[in-house]
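Asks: For reference, the sequence and a predicted model appear below.
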Amino acid sequence: MNRMLSGLAALATAGLLSGGAMADATVKWLHIENTPDTVAWMESVARAYEAAHPGVTIQMQYLENEAYKAKLPTTLQSPDRPNIIYSWGGGVLRDQIKAGVIEDLSDAVKGEWADRISPAALDAFTVDGHVWGVPVLASQVGFWFNKPLLAKAGVKAEDIKSWDDLLSAVKTIKAAGIVPLATGGADKWPIHFYWTLLAMRIGGKDAFQAAYDQSGDGFDGPVYVKAGEDLKALAALEPFEPGYLGLTNPQAAGYFGDGKAAMHLMGNWDYLNAKKNSASGKGIPDAELGWFAFPTMAGGAGQPTDVLGGVNGWLVTKGSPPEAVDFLKFLTNKENQEKAAELGVYIPVNKGTAEKLKNPYFRQMAENIAKSGYFQVFYDQMLGANVGRVVNDVTTDIASGATDPKDAAGQVQEAWEMR
């Protein structure tokens, strides 16, 4: 064990809330993390728990993000399914609850455990009054940018306040011979960020709620058609890297991390992802990296403080040993979540951890999330797996020119009605 891992394990053990021997048990923990710092922290917590609970093994299992989403429904039906799984909440969680494969954690979480978690975050994993998962992190999507490349193009990030400003900046950057935007079109969900954020800025929370509740204009209404038209206008400028439709998000993150594109619309996890996937493994130096929120729309009902992001956490599958729940309680205790904040592996949702964040970008995003009057969970998770898949498909088709904005919006509405 290296010095960093050893130190983390020692700290984690010191923060153990529950102790004593348990029966021999193996807890299979399925995750999607691939950044070394995050995985090292997770491993340190697992080893610390094992040390304090002889006979218990925390078996970490990894699946790449897209493979995880594709394989999870089948995996959950297996008698050998993992005990702890990653979750974005939303409609996908509701589908899993309906399928009867997730444990109800209401009784386990109530009291001190629930009290240490942000109420809004816990609410994201509460369905019909029952708690089905343990949230651990929050995220925000915005534009990461390369300061030297913008300076070379004569563009100031602080001047990009509106959508028209962004389009103008894209044209200027491209004229300077620089790729304006990196995106992973092969994974599709990165492009749905554009459509979703445009809809948020145009229609605000009310537009989404009306479509979601089917109480007014649907996902084929004017707001969503206009969002598609604006995405189409951006794509017409050919702002993305060559071959973007064949590149995954990790590849696009590496492209940005290598200094080959001026901007990258992505969540806070991209801070580590762009470094890991760059050729050097170090990415853009912090002094040359910047971030700004998605711009506003002229006449839009949305507020510049409205946030697109996720509240992500862990679920326990049906039939799992009690040690799975006990390990999650340990993973989310005060000491371990404060360490996650200090290391900058994510933005924890435990109360009082934001002040431990050393990463200035994460601190800013934590403040943005706290002040937001409208926090929208990613559409491809919020609307459920089937509708989310349609959202990702049609928004990528808009960008590639394979479909038009009105037809794309119509396909989303049809999928929502048929769910």
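Replies: Now that the structure is in, tell me what you want to look at. Numbers count the residues shown, from 1 in each chain.
Asks: Helix or strand: which one has residue 74?
Replies: Under the criterion of DSSP states H and E, residue 74 resides in helix 65-75.
Asks: let me redo that: residue 29
Replies: Going by DSSP H and E, residue 29 is in strand 25-31.
Asks: residue ranges with poor pLDDT in the stretch 51-200 of the chain?
Replies: Residues of the stretch 51-200 of the chain meeting the criterion pLDDT under 70: none.
Asks: returning to what we had before: now the angle from the strand holding residue 29 to helix 65-75?
Replies: Going by axes from the mean of the first three to the mean of the last three Cα atoms, to 10 degrees, strand 25-31 is angled at 130 degrees with respect to helix 65-75.
Asks: Next, the buried residues of strand 25-31.
Replies: For strand 25-31, burial by neighbour count (16 or more other Cβ atoms under 10 Å) applies to 25, 27, 28, 29, 30, 31. Just so you know, the C-beta spots here come from the backbone N, C-alpha and C atoms, and that holds for glycine as well.
Asks: Mind giving me the packing neighbours of the helix or strand following that strand?
Replies: Downstream of strand 25-31, the first helix or strand assigned by DSSP H and E is helix 36-52. The helices and strands touching helix 36-52, judged by 3 or more Cβ pairs under 8 Å, 6 or more residues apart in numbering; DSSP states H and E, are helix 3-14, strand 56-62, helix 270-276, helix 322-331, helix 334-343.
Asks: can you give me the strands for this structure?
Replies: Taking DSSP state E as the criterion, the chain contains strands spanning 25-31, 56-62, 84-87, 126-127, 130-131, 134-138, 141-146, 179-182, 261-267, 289-292, 307-309, 311-316, 347-348, 375-377.
Asks: Which strands and helices lie in contact with the fourth one?
Replies: For strand 126-127, the packing partners by 3+ Cβ pairs under 8 Å, 6+ apart come out as helix 90-99.
Asks: Give me the contact list for the helix it packs on.
Replies: The contact list for helix 90-99 (Cβ atoms under 8 Å, 6 or more residues apart in numbering) reads 76, 87, 102, 124-125, 127, 132-133, 315, 377-378, 381-385, 387-388.
Asks: give me that answer again for 10 Å
Replies: The contact list for helix 90-99 (Cβ atoms under 10 Å, 6 or more residues apart in numbering) reads 69, 72-73, 76-77, 85, 87, 101-104, 124-128, 130, 132-133, 212, 310-311, 313, 315, 317-318, 377-388, 419.
Asks: would JSON lines of the helices and strands packed on helix 36-52 with mean neighbour count and distance to residue 251 be doable?
Replies: Output for these, formatted as JSON lines (neighbours: other Cβ atoms under 10 Å; distance: least, Cβ to Cβ, whole Å):
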{"stretch": "helix 3-14", "mean neighbour count": "15", "distance to residue 251": "28"}
{"stretch": "strand 56-62", "mean neighbour count": "16", "distance to residue 251": "18"}
{"stretch": "helix 270-276", "mean neighbour count": "23", "distance to residue 251": "11"}
{"stretch": "helix 322-331", "mean neighbour count": "21", "distance to residue 251": "30"}
{"stretch": "helix 334-343", "mean neighbour count": "21", "distance to residue 251": "25"}
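Asks: Among those, which comes closest to residue 301?
Replies: Residue 301 lies closest to helix 270-276 among these, at 28.1 Å (Cβ to Cβ).
Asks: which secondary structure elements does the closest one contact?
Replies: Using 3 or more Cβ pairs under 10 Å, 6 or more residues apart in numbering; DSSP states H and E, the elements in contact with helix 270-276 are helix 36-52, strand 141-146, helix 249-257, strand 261-267, strand 289-292, helix 360-371.
Asks: quick one, which of those is nearest to residue 353?
Replies: It is, among the helices and strands packed on helix 270-276 and with distance given as Cβ to Cβ, helix 360-371, at 8.7 Å.
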